[in-house]
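**Q** Got a sequence here, can you build the structure:
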Amino acid sequence: MGEGIGGQASARQAGFSGVTRKTLERLALPDDHRELVVAEVTYPPGGVAPLHRHPVGGIIFIVEGVAESAYGSDAPRQYRAGETLQDRADLPHTLFRNCDPERPLRFLTIYALEPGRAYTMEP
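**A** Prediction:
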């Protein structure tokens, strides 16, 4: 998801309102054109991401809540606080949602990408 002012994702960039994104760390990788990024993302209660993809793989660590995720034709799987999942490169992320209709979902996303390039893209 792209960032807006102050590290927050805009509703347009995030695909739906209520999603926030805060970059916690950026680290230039030595002898590499990419940077390592750690971002905290919060989905609103019941929030569902639109169909999207990621240009590179990444790691998601669920901090709070329960997420459900699926890529391509894979069956959806749930991930709870303390668990990790992998974002898969250039494969449609067909489902990502907050399973709780009353509480937010909070997770960390960690990836290496060229500065200025978006981590979440239209399919």
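**Q** Would you mind listing the residues in contact with the residue nearest to residue 94 when sequence neighbours are not counted?
**A** Using Cβ to Cβ, 6 or more residues apart in numbering and skipping residues adjacent in sequence, the residue nearest residue 94 is residue 70, 5.2 Å away. C-beta coordinates here come from the backbone N, C-alpha and C atoms, glycine included. Taking Cβ atoms under 8 Å, 6 or more residues apart in numbering, we find residue 70 in contact with 76, 77, 93, 94, 95.
**Q** distance between the ends of stretch 86-94?
**A** Its first and final residues considered, stretch 86-94 spans 14 Å by Cα to Cα, to the nearest Å.
**Q** Can you name the residues that contact the most centrally placed residue in the chain?
**A** Note on the chain: the residue nearest the mean C-alpha position is residue 109, at 5.7 Å, using Cα atoms, centre = their mean. Residues in contact with residue 109 (Cβ under 8 Å, 6+ apart) are 37, 38, 39, 41, 58, 59, 60, 87, 119.
**Q** again, only using 10 Å
**A** Contact analysis of residue 109 by Cβ atoms under 10 Å, 6 or more residues apart in numbering lists 1, 21, 23-24, 37-41, 54, 58-61, 87, 119-120.
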